[in-house]
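1. Got a sequence here, can you model it:
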Amino acid sequence: MTRRRVVFAVVVAALTLSGCAIPTQRTPSAIPSSHVPGGLLDHQLPTTTTTQPKATLVQVKIYLLNANHRLVPVTRVVQIPAPLKSVITSLLGGPDRTEEGAKGITTAIPSNVQVLSATESKTPPLVIVNFNQAFGQITGSFTELAVAQVVFTVVTQSGLLGTGVIFKIEGETISVPVASGAQVSGPVYLSQFLPNAAS
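-> The predicted model follows:
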């Protein structure tokens, strides 16, 4: 009897200790939702907020035409850095609806004109503006006005009144008219278009 009690006690102790071990299983099983820690059943992915750097803008002046076909400065906003090509592109956009309707602002440059490149040098101060073929299709007095708009805009942007401007179409240098009526094949200057400016 004593030996049987010892064996029985050993078996009971073994069963008791096995109940304290970590349970294992060969295949996964579903966990009841009531036993899942809060938040783990949320299928929505966490969102992160990233702050994009704000674009820095700057005001520039372009030159359009008033009701009397005189050059007038108009403000535009472009992103910094403001390369000369971007400023000229703003010029080619012409007046907005408010300027055109309420103020009678116009432009001598057709909407199909595009600036292909604009390069500048400081010594001597010189800018070369290269347009597409549409610029060469401007005719009559509008040619002089269109050239004047570009020259005033370019020189104002460069900050140097003595800046010369050379006009090209598809890479070929062209002659342009100045206010005196002369055709100039080299650089033209703001002083040659002062009669076109509004007083």
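2. List the beta-bridge partners for the residue nearest to the spatial centre of the chain.
-> Computing the C-alpha centroid of the chain and ranking residues by Cα atoms, centre = their mean puts Gln79 first, at 6.2 Å. Beta-bridge partners for Gln79, by DSSP bridges, are Leu57.
3. Which helix or strand in this structure has the lowest average pLDDT?
-> helix 2-18 (a mean of 51; mean pLDDT, DSSP states H and E).
4. circling back to that earlier point, the residue nearest to the centre of the chain reaches Leu57, doesn't it?
-> Yes - A contact is recorded between Gln79 and Leu57 when judged using Cβ atoms under 8 Å, the distance being 5.8 Å. For the C-beta atoms, the positions are set from N, CA and C on the backbone; glycine is no exception.
5. All the strands of this protein, residue numbers only.
-> When secondary structure is read from DSSP state E, the chain shows strands at 57-65, 71-79, 115-121, 126-131, 164-169, 172-173, 176-177, 183-184.
6. Do you know the pLDDT at the residue nearest to the centre of the chain?
-> What the model reports for Gln79 is a pLDDT of 85.
7. Quick check: it vs Ser86, distance?
-> For Gln79, the distance to Ser86 equals 7 Å [Cβ to Cβ, to the nearest Å].
8. same deal with Lys103?
-> Between Lys103 and Ser86 the distance, using Cβ to Cβ, works out to 24 Å.
9. what does Val113 give?
-> From Val113 over to Ser86 (counting by Cβ to Cβ), the distance is 15 Å.
10. what about the strands of the chain, which gets the closest to Ser191?
-> With Cβ to Cβ as the criterion, Ser191 lies closest to strand 164-169 of those, at 10.6 Å.
11. Which of the strands of the chain sits closest to Val147?
-> Val147 sits nearest to strand 176-177 of all the strands of the chain, at 4.5 Å, using Cβ to Cβ.
12. what's the closest one in contact with?
-> Strand 176-177 is touched from outside by 143-144, 147, 167, 183-184, 188, with contacts defined as Cβ atoms under 8 Å, 6 or more residues apart in numbering.
13. returning to that earlier point: could the strands of the chain go into CSV alongside distance to Arg97?
-> Compiled in CSV, these are given as follows (distance: least, Cβ to Cβ, whole Å):
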stretch, distance to Arg97
strand 57-65, 13
strand 71-79, 13
strand 115-121, 23
strand 126-131, 25
strand 164-169, 29
strand 172-173, 36
strand 176-177, 30
strand 183-184, 35
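14. what's the closest of these to Gly94?
-> Short answer: strand 57-65, nearest of the strands of the chain by Cβ to Cβ, at 7.0 Å.
15. Buried ones in the closest one, by neighbour count?
-> Of the residues in strand 57-65, those with enough neighbours to count as buried (16 or more other Cβ atoms under 10 Å) are 60-65.
16. Check stretch 192-199 too.
-> Within stretch 192-199, the residues that count as buried by 16+ other Cβ under 10 Å are 192-193, 196.
17. for the residues you listed, which one is nearest Lys122?
-> Minimum distance to Lys122 across the buried residues of stretch 192-199 is 21.0 Å, recorded for Gln192 (Cβ to Cβ).
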